[in-house]
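Engineer: Next comes the sequence, and after it the predicted model I'd like to discuss.
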Amino acid sequence: MLSIYNGKTVLVTGHTGFKGSWLCSWLDKLGAKVIGLSHDFPSDPCHFTAANIGEKLKDYRFDIRNLEKVKGVIYDVEPDFVFHLAAQALVRPSYENPIETMEVNAIGSANILEAVRHLSKKVVALMITSDKAYDNVEWVWGYRETDKLGGKDPYSASKGMAELAIRSFVESYLNSEDSNVVVGITRAGNVIGGGDWAKDRIVPDCVKAWAREGVVEIRSPRATRPWQHVLEPLSGYLTLGAKLAESNRLHGEAYNFGPAAHNNQSVEELIEAMSEYWSSVRWKDVSDENQVFHEAGLLKLNCDKALLDLKWMPTLEFDDTVRMTVEWYKAFYDGSVQIGRVTERQIEEYTQLATRKNMVWVEND
């Protein structure tokens, strides 16, 4: 199924980001002509630079809020697929700059759809939001795609706003018979994997501290998250894109992509699992010292719709997710192997594991 990307022009916004750079590497392996659009690097170092992703694509750099520049790129490259990942993706900066967060996440999404709706060729637009788009009341069962959207903090609100903007474009412009745009909406969260050095994220905080034999400070060790490797939701995005290219039947639908229901571990359990693959692990609980903003303690997704419509399900168990993540960082800090090759090798490993699980998105290739 994913062979559909071979030879296609694919625009990835947020391509220098953690998920975006992994997606670009995978698309390159699939034979796509990859175009990237981002404002800047998310951190120094970052996966994009460490794995030399820039060698695999055409690179545009500007703010996604600039509608005229967005239109210019999209009209120039005429993509077959757009994967919109460009976003302000962190909770703490959303408290510091709420207006910027809302503009980037909501207006940025609207700009992409405003540009692609004027193309004269068919284009599949994958709009990537977040599990934080849900109005999280911290119940113990997973959120479904039909549950209420919203959020208590600026970041969650910005993702809910993005969803409203996307829905308005679908209903107002993209449901007509003369529309060439097919839209899919995806929600995932708490991805981990090699190459993420964003601030205030548990895995980057750990590896940065442990690489210098330091102690990592953990503010919410008992908070649970649906930890998943970055390749898990990306496989869902690619599967949904392929389905939308084949048929308009799923146009405008939203899908959750998360780990298996039993893979919902606490931060403390994640650190303990990482210690199996990294020596000299030390951490301390600083919850009472640093908790200055609201942060959800429990958030799960129900992915039954993705299984029913796309025949998609997660591939990795929690132990494999942790192992692959730590192996990537160890290779980076050891400096003993070209890190881009580690990324490629892990994509290959993930695909092989999915093949053994008889995932539809690989078995038909």
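Structural biologist: Arrived safely. Numbers count the residues shown, from 1 in each chain.

Engineer: can you map out the strands along the stretch 51-200 of the chain?
Structural biologist: With DSSP state E, counting those that start in this stretch as the definition, the stretch 51-200 of the chain shows strands at residue ranges 57-61, 81-84, 123-128, 181-187, 191-192.

Engineer: Can you check the distance spanned by stretch 135-154, start to finish?
Structural biologist: End-to-end distance for stretch 135-154, by CA to CA, to the nearest Å: 12 Å.

Engineer: Flag every buried residue along it.
Structural biologist: Taking 16 or more other CB atoms under 10 Å as the neighbour-count basis, stretch 135-154 is seen to contain the buried residues 136, 142-143, 145, 147, 149-151, 153-154. Where you see a C-beta, it was placed from the backbone N, CA and C, and this is true even at glycine.

Engineer: hang on, the earlier thing: with mean pLDDT, distance to Lys159 and mean neighbour count added, can I get the strands of the stretch 51-200 of the chain in TSV?
Structural biologist: Compiled in TSV, the strands of the stretch 51-200 of the chain are given as follows (pLDDT from 0 to 100; distance: least, CB to CB, whole Å; neighbours: other CB atoms under 10 Å):
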stretch	mean pLDDT	distance to Lys159	mean neighbour count
strand 57-61	97	24	17
strand 81-84	98	13	27
strand 123-128	98	10	25
strand 181-187	98	9	24
strand 191-192	94	15	24
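
Engineer: Run through the residues that contact the closest residue in space to Asp44 that isn't next to it in sequence.
Structural biologist: Leaving aside its chain neighbours, Asp44 sits nearest to Trp197 (7.6 Å; criterion: CB to CB, 6 or more residues apart in numbering). For Trp197, the residues meeting the contact criterion (CB atoms under 8 Å, 6 or more residues apart in numbering) are 42-46, 204, 208.

Engineer: Throw the residues you listed into CSV and include secondary structure and pLDDT, thanks.
Structural biologist: Formatted as CSV, the contacts of Trp197 follow (DSSP: H, G, I helix; E, B strand; the rest coil; pLDDT from 0 to 100):
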residue, secondary structure, pLDDT
Pro42, coil, 91
Ser43, coil, 92
Asp44, coil, 92
Pro45, coil, 94
Cys46, coil, 96
Pro204, helix, 94
Lys208, helix, 93
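
Engineer: Any of those residues buried? List them.
Structural biologist: 42-43, 46, 204.

Engineer: Going C-terminal from the lowest-mean-pLDDT helix or strand in the chain, what's the next secondary structure element?
Structural biologist: Of all helical and strand segments in the chain, the minimum by mean pLDDT, DSSP states H and E falls on helix 287-290, at a mean of 62. Toward the C-terminal end, the helix or strand that comes next after helix 287-290 (DSSP states H and E) is helix 304-310.

Engineer: If you count neighbours, what's buried in the helix or strand just after that next one?
Structural biologist: Taking DSSP H and E as the definition, the helix or strand that follows helix 304-310 towards the C-terminus is helix 318-334. Burial within helix 318-334, assessed by neighbour count using 16+ other CB under 10 Å, is assigned to 318, 321-332.

Engineer: Ser275: which of the buried ones among the contacts of Trp197 is nearest?
Structural biologist: Sorting the buried ones among the contacts of Trp197 by distance to Ser275 puts Pro204 at the head of the list, at 16.4 Å, by CB to CB.

Engineer: Would you mind putting the buried residues of helix 318-334 into a markdown table with pLDDT alongside?
Structural biologist: Output for the buried residues of helix 318-334, formatted as a markdown table (pLDDT from 0 to 100):
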| residue | pLDDT |
| --- | --- |
| Phe318 | 94 |
| Thr321 | 96 |
| Val322 | 96 |
| Arg323 | 97 |
| Met324 | 98 |
| Thr325 | 97 |
| Val326 | 97 |
| Glu327 | 96 |
| Trp328 | 97 |
| Tyr329 | 96 |
| Lys330 | 95 |
| Ala331 | 95 |
| Phe332 | 96 |
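
Engineer: Just give me the closest of these to Arg249.
Structural biologist: The shortest separation between Arg249 and any of the buried residues of helix 318-334 is 31.6 Å, and it belongs to Thr321 (by CB to CB).

Engineer: ok, now how distant is that closest one from Gly258?
Structural biologist: Here Thr321 is placed at a distance of 12 Å from Gly258 (CB to CB, to the nearest Å).

Engineer: is it true that Thr13 touches Ala86?
Structural biologist: Yes. At 3.8 Å, Thr13 and Ala86 qualify as touching, with contact defined as CB atoms under 8 Å.

Engineer: who touches both of the two?
Structural biologist: If you check Thr13 and Ala86 against CB under 8 Å, 6+ apart, the residues they both contact are 20, 37-38, 64, 108.

Engineer: Got a quick ChimeraX command for the buried subset of these?
Structural biologist: To isolate the buried ones among the shared contacts of Thr13 and Ala86 in ChimeraX, judged by 16+ other CB under 10 Å, type:
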select :20,37,38,64,108
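
Engineer: Name the member of the shared contacts of Thr13 and Ala86 with the shortest distance to Ala51.
Structural biologist: Looking at the shared contacts of Thr13 and Ala86 and their distance to Ala51, the nearest is Gly20, at 12.1 Å (CB to CB).
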